[in-house]
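A.B. asks: Any chance you could fold what I've pasted below:
(2 chains)
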Amino acid sequence: AQTVTQSQPEMSVQEAETVTLSCTYDTSESDYYLFWYKQPPSRQMILVIRQEAYKQQNATENRFSVNFQKAAKSFSLKISDSQLGDAAMYFCAYKTKGNTPLVFGKGTRLSVIA
Amino acid sequence: EAQVTQNPRYLITVTGKKLTVTCSQNMNHEYMSWYRQDPGLGLRQIYYSMNVEVTDKGDVPEGYKVSRKEKRNFPLILESPSPNQTSLYFCASTALGGLDADTQYFGPGTRLTVL
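C.D. replies: Below you'll find the model as predicted:
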């Protein structure tokens, strides 16, 4: 079964600095998707970034970028120029194509220090 | 605006009193699902639906029912709620094709407390 591991239960970063959240996963599939979701105190699940496994280019969305290492099964999220609004729980998630559920990691709680 | 809506957002009820949490999406997505989120257990899938009249169990289906009579709606039904169903519930929808294929978009969540 696929598993997703986030080894950092909590992280903190100074405002305007850069932080990297780690995620590793286990799968025998070759084609799949990886995601980072943000859950702020409002508890809404917000899609941050999406990566298709067959694409070698790392996905970016404004201040958010990933380092996707397929051979190592690693998918880290880098947040640049951190802002107070980035404070949230961040979940890494994995999904194969089609009729399959998202598999979530346990999350990393990010604090941003002014 | 493309979105997934859930109602109610907050609900406090008593054991055994049937309730329904509605979910609706306006993105014409085929795939819809329900998750519950509990501290220390993360998000777990309850039920999912690939299309109208097609539903199937997820990881934790006991005590829940769903229906998919229309493509846009996917209600979650608790026939006889119990305290162990106190949780945060999310509905999500997914396109099975296109540029954002397999990307799940979540509703705002429903906080349910069963006394």
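A.B. asks: centroid residue for the chain?
C.D. replies: In the absence of a named chain, chain A is used. With distances taken as CA atoms, centre = their mean, A:W36 lies nearest the centre of chain A, 3.3 Å away.
A.B. asks: The intended chain is chain B.
C.D. replies: Chain B, centroid-nearest residue using CA atoms, centre = their mean: B:W34 at 2.9 Å.
A.B. asks: show me the residues around that residue that make contact.
C.D. replies: Applying CB atoms under 8 Å, 6 or more residues apart in numbering or on different chains to B:W34 gives the contacts B:23, B:45-48, B:58, B:64, B:66, B:74, B:76, B:89-92. (Glycine included, C-beta is placed from N, CA and C.)
A.B. asks: Could you tell me which residues of chain A lie near chain B?
C.D. replies: Contact residues (CB under 8 Å from any CB of the partner chain) of chain A with chain B: A:33, A:35, A:37, A:42-47, A:50, A:91, A:95, A:97-99, A:101-102, A:104-107.
A.B. asks: Please repeat the previous calculation with a cut-off of 7 Å.
C.D. replies: A:33, A:43-45, A:47, A:50, A:95, A:97-99, A:101-102, A:104, A:106-107 (CB under 7 Å from any CB of the partner chain).
A.B. asks: filter those to the buried ones?
C.D. replies: Buried subset of these (neighbour count, 16 or more other CB atoms under 10 Å in any protein chain shown): A:33, A:43, A:45, A:47, A:50, A:95, A:101-102, A:104, A:106-107.
A.B. asks: How about whatever residue of chain A ends up closest to chain B: what's its closest non-neighbour residue?
C.D. replies: In chain A, the residue that lies nearest chain B is A:M45 (3.8 Å; CB to the nearest CB). Closest residue to A:M45 apart from its sequence neighbours, by CB to CB, 6 or more residues apart in numbering or on different chains: B:F106 at 3.8 Å.
A.B. asks: residue ranges of the strands in chain A, please?
C.D. replies: With strands called from DSSP state E, chain A shows them at A:3-5, A:10-14, A:19-21, A:24-26, A:32-39, A:46-52, A:60-61, A:64-69, A:74-79, A:88-96, A:103-104, A:108-113.
A.B. asks: would you list those in CSV and tack on distance to B:T15?
C.D. replies: Listed next are the strands of chain A as CSV, based on distance: least, CB to CB, whole Å:
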stretch, distance to B:T15
strand A:3-5, 34
strand A:10-14, 35
strand A:19-21, 39
strand A:24-26, 39
strand A:32-39, 29
strand A:46-52, 33
strand A:60-61, 44
strand A:64-69, 43
strand A:74-79, 41
strand A:88-96, 30
strand A:103-104, 29
strand A:108-113, 32
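A.B. asks: Now render these as JSON lines, adding distance to B:L41 and mean pLDDT.
C.D. replies: JSON lines is the format used below for the strands of chain A (distance: least, CB to CB, whole Å; pLDDT from 0 to 100):
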{"stretch": "strand A:3-5", "distance to B:L41": "14", "mean pLDDT": "94"}
{"stretch": "strand A:10-14", "distance to B:L41": "18", "mean pLDDT": "97"}
{"stretch": "strand A:19-21", "distance to B:L41": "20", "mean pLDDT": "98"}
{"stretch": "strand A:24-26", "distance to B:L41": "18", "mean pLDDT": "96"}
{"stretch": "strand A:32-39", "distance to B:L41": "14", "mean pLDDT": "96"}
{"stretch": "strand A:46-52", "distance to B:L41": "21", "mean pLDDT": "94"}
{"stretch": "strand A:60-61", "distance to B:L41": "28", "mean pLDDT": "93"}
{"stretch": "strand A:64-69", "distance to B:L41": "26", "mean pLDDT": "96"}
{"stretch": "strand A:74-79", "distance to B:L41": "22", "mean pLDDT": "98"}
{"stretch": "strand A:88-96", "distance to B:L41": "13", "mean pLDDT": "95"}
{"stretch": "strand A:103-104", "distance to B:L41": "10", "mean pLDDT": "92"}
{"stretch": "strand A:108-113", "distance to B:L41": "16", "mean pLDDT": "97"}
